[in-house]
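Asker: sequence and predicted structure below; questions after.
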Amino acid sequence: MAITTHDTETDVQDRAILVSLVTDKIKRTGIDPELSLQELVQLAETAGVEVLDVLRQNKETPDSRWFIGKGKVEELRMAADALGANTAIFDQELSGAQVRNLEEALDLKIIDRTQLILDIFAGRAKTREGIIQVELAQLSYLLPRLSGQGKNLSRLGGGIGTRGPGESKLETDRRHIRDRITELKRQLDEVVKTRELHRERRRKAGAVQVALVGYTNAGKSTLLKQLTDADVYIENQLFATLDPTSRVLELAGGKEVVLTDTVGFIQNLPHDLVASFRATLEEVNEANLVLHVVDASSPMREEQMEIVQSILQDLGASGTPQIVLFNKIDLCQPEQLEMLPTGTGYLKISAFNPEDLTRITEMIADELAGDTLNFRIPGDRGDISSLLYRVGEVLETTYDENDVLYNVRLNKEDYDKWGYMLADFVDQQ
């Protein structure tokens, strides 16, 4: 659905020119400016913006006054006049002063990449937690930029960059906004405590947790739906999923695990957003296994995989066992398929192929299966026998006088949890 701004006469759609500045610093970081710009086009279209043109500039350092050079500002103004643009969207983050100066020079709404992503999140948040997290991120982003937001807040009363907290909150004084941030953090702390209680219950119940992670629009939600029949929102858009969704997945052999979908990652994910969504993203840290879903058809596949691994490392989840699922192979060219890694821990799949879904559950079961151990349980210790059936997969049972011998497949996490009860019954023979 297109986002419109509301004038007294008519509804005016955001019609934008996208601007990318490639500095020496960006070149040194290894960030691909073309990948970033392609994503900016997708982000803008996801927000309902009509993209009219793209302007690029290479410059050693940003201009302190306008971010881009003075000549490029004039080029942007002429392009906006010729094309009828009412918005300029920058692929990098701007200061409040730069926003104000650009607005005065161009008479356009000025939005940067961070503000655009926050706006999309504001439109997607549905749960109380998601709404709090987005508003907190927006206010944290806008607080140091209030002096540069004059026209953005009053321009036509809406459109990208003005959703979420709303005009009335953002035009109040800084103290009021700081008070609001403090209150949002308090509310988020309550939600985080509730989430931690749920995690603790799952841990105590011995629930095995599997997290779906990946670059935005890699197909995580589709996989969740196909594997568990979950009623989740699926759309070919960036950040179609914002609020985490957990469903029970039954594996081969009847064992059940909790499968959780997470928000998609993206290059240059805004710092304020990562901070606000940390409690949600930390679901990944609780996982016994991570399913890294990759869009195998993307020409930027390798770069996207590196970004996901980098974010997992930042979250402290890089050491969690991982299976890489190369999704959307039905959209791949033959040469793309040949380039995909093979072997242990990799699987080429289409989320719409039932045979591939079966292969996924089998690989999850194998990864979680753990080691095979032998236990000698006295016949009068039915409690220990029942525990073995509950936490492991009993492969074989034999009898030796007054004892029962069990051959059991048990994963490391379950043994770590129940070892204090089982260690004395491990049969070393």
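Answerer: Ah, there it is. Numbering: from 1, shown residues only.
Asker: from now on I want contacts and neighbour counts done on CA atoms only, so please keep to that.
Answerer: Will do.
Asker: tell me, how many residues neighbour residue 59?
Answerer: For residue 59, the count of nearby residues is 15 (other Cα atoms under 10 Å).
Asker: excluding chain neighbours, what is closest to it?
Answerer: Nearest residue to residue 59, sequence neighbours excluded (Cα to Cα, 6 or more residues apart in numbering): residue 23, at 5.1 Å.
Asker: using PDB, write out every CA atom in stretch 305-324.
Answerer: The C-alpha coordinates for stretch 305-324 follow below in PDB (Å, rounded to 0.1, in the frame of the first residue of the first chain):
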ATOM      1  CA  MET A 305      25.800 -14.100   4.400                       C
ATOM      2  CA  GLU A 306      28.800 -12.200   5.800                       C
ATOM      3  CA  ILE A 307      26.500  -9.400   7.200                       C
ATOM      4  CA  VAL A 308      24.400 -12.000   9.000                       C
ATOM      5  CA  GLN A 309      27.400 -13.800  10.500                       C
ATOM      6  CA  SER A 310      28.800 -10.400  11.600                       C
ATOM      7  CA  ILE A 311      25.500  -9.500  13.400                       C
ATOM      8  CA  LEU A 312      25.300 -13.000  15.000                       C
ATOM      9  CA  GLN A 313      28.900 -12.400  16.300                       C
ATOM     10  CA  ASP A 314      27.800  -9.000  17.700                       C
ATOM     11  CA  LEU A 315      24.900 -10.800  19.500                       C
ATOM     12  CA  GLY A 316      27.200 -13.400  21.000                       C
ATOM     13  CA  ALA A 317      25.600 -16.200  19.000                       C
ATOM     14  CA  SER A 318      28.300 -17.000  16.500                       C
ATOM     15  CA  GLY A 319      29.200 -20.200  18.400                       C
ATOM     16  CA  THR A 320      25.800 -21.700  18.200                       C
ATOM     17  CA  PRO A 321      25.500 -24.800  16.000                       C
ATOM     18  CA  GLN A 322      24.300 -23.700  12.600                       C
ATOM     19  CA  ILE A 323      22.700 -25.100   9.400                       C
ATOM     20  CA  VAL A 324      22.800 -23.000   6.300                       C
END
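Asker: still on that earlier bit, what's the neighbour count on the residue nearest to residue 59?
Answerer: Counted with other Cα under 10 Å, the neighbours of residue 23 add up to 15.
Asker: ramachandran angles for it?
Answerer: phi -100, psi 170 (degrees, to the nearest 10).
Asker: repeat that for residue 75.
Answerer: The phi/psi pair for residue 75 (degrees, to the nearest 10) reads phi -60, psi -40.
Asker: please enumerate residues in contact with stretch 37-44?
Answerer: Outside of stretch 37-44, the residues within contact range by Cα atoms under 8 Å, 6 or more residues apart in numbering are 18, 20, 50, 51, 91, 113, 116, 117, 120, 237, 238.
Asker: go through those residues and flag which are in strands.
Answerer: 18, 20, 50, 51 (DSSP state E).
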